[in-house]
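S.K.: sequence below, structure please.
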Amino acid sequence: MKYKKTLLIFLFFAFLFLGFFPRNREETKVFFGFDTWIEVELPRNNATLFSQISSLVAHLDQLWNRFSPSSIIFKINHSPLPLLVDEDTFQILEVAQEGREKTQGFFNVLITPLVDLWGFSTQPSLPQEEEIEKMVEKINNSKLFLSKEDNKVLIEGEGEIDLGGIGKGYLIDKIVSILQKEKVSQALINAGGEVFAWGKQVKVGIRHPRQEKLLGYVVIENEAVSTSGDYYRFFEEGGIRYHHILNPFTGYPERDFQSVTVISKSATFADIISTAIMAGGKEALVIVEKNFPGIKILGVEEGNKIYLSSSMKKIFVSE
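M.R.: As a prediction, the model looks like this:
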């Protein structure tokens, strides 16, 4: 058995950003949160915003760390009663619910016990088939209840929340909101390989999931790029690669795609959609394209075969 956990620094291994590095009139700061590096480039005259961004990263990271007993997610996961939560937590859970509905369950933040069964947060291994079947039933019988009247949250069933498939996207959108409010002319945000280009065009290279080279590139402006792949966290057994993005209905990783890249105006939904398609494969792809018309999707299949949605075909340039 072989286990590989790729380092969460993606500048060269996940994406190549042309023009990302600081220039005379720009300044770059790097923050750590959400188990990754978050790099923000701003015009030098807006550098005072770095302290606000740093506080936001630290605040949301502490709120949503499911392993920390002081975090609100830990408390929700272990509470038999509805809990009053802050506005950001309620909002991200509302979007997660919308994502679950629009992907018909292939995106599901309550999947945590299944991920833990596979050991992806510690040392991964292949569970027994009966264990997987029982856990899938528990996950799909779990529900998340959100009360808008009083901002209270309750999990019914044995599911638990993990915001790993949505948190970075939400953080990026919050940073962009700050930029809009402060009338920042342009910026670039890279949260562990998920990128948002604000107010300028940026050429973003998309990596090959099996080789250290680029498949091609896209040019984005006021959009986010999110990639989910089977090469971040995985192990191999019996010649089969098992990655950490699990199908909530089968309990196993799908192998339709080696990686999925999504471009969207919303970083949060770019995160959700790339995760959902990796989890559900071609079945999820059909659902996503129906419910998110015009979304830009690139999927890499076995044998270097590349799927491009009609909108992605217009902007993707192969190497």
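S.K.: just the helices in the chain please.
M.R.: 49-64, 72-77, 87-102, 112-117, 129-140, 167-181, 267-291, 310-313 (DSSP state H).
S.K.: which secondary structure elements does the first one contact?
M.R.: Using 3 or more C-beta pairs under 8 Å, 6 or more residues apart in numbering; DSSP states H and E as the contact criterion, the secondary-structure elements in contact with helix 49-64 are strand 26-33, strand 36-43, helix 72-77, helix 87-102, helix 167-181. Yep, even glycine has a C-beta here, placed from its N, CA and C like the rest.
S.K.: which of the residues in the second one are buried?
M.R.: Using 16 or more other C-beta atoms under 10 Å as the burial criterion, the residues of strand 36-43 that qualify are 36-42.
S.K.: can you check the longest one too?
M.R.: Within helix 87-102, the residues that qualify as buried by neighbour count (16+ other C-beta under 10 Å) are 88-93, 95-97, 99-100, 102.
S.K.: surely Lys143 and Val109 touch.
M.R.: No. Lys143 is not in contact with Val109 according to C-beta atoms under 8 Å; the separation is 11.8 Å.
S.K.: same drill for these two, tell me which one is more crowded.
M.R.: Neighbour count, other C-beta atoms under 10 Å: between Lys143 and Val109, Val109 has more, with 25 against 12.
S.K.: between the helices and strands packed on helix 49-64, which one is nearest to Leu188?
M.R.: strand 36-43 (4.4 Å; C-beta to C-beta).
S.K.: so what are the sheet partners of that closest one and their directions?
M.R.: Next to strand 36-43 in the sheet, as set by DSSP bridges, lie strand 26-33 (antiparallel), strand 187-191 (antiparallel).
S.K.: got a list of contacts for the shortest one?
M.R.: Under the contact criterion C-beta atoms under 8 Å, 6 or more residues apart in numbering, strand 187-191 has outside partners 10-11, 15, 17, 20, 34, 36-43, 46, 168, 171-172, 175-176, 179, 195-200, 202.
S.K.: the helices and strands packed on helix 49-64: which one's closest to Val115?
M.R.: Using C-beta to C-beta, the nearest of the helices and strands packed on helix 49-64 to Val115 is helix 72-77, at 12.8 Å.
S.K.: okay, buried residues for the closest one please.
M.R.: Buried residues in helix 72-77 (16+ other C-beta under 10 Å): 72-74, 76-77.
S.K.: the stretch 201-319 of the chain: strands as residue ranges?
M.R.: Under the criterion DSSP state E, counting those that start in this stretch, the stretch 201-319 of the chain contains strands at 202-207, 214-220, 223-229, 233-237, 240-243, 259-264, 296-300, 306-308, 317-318.
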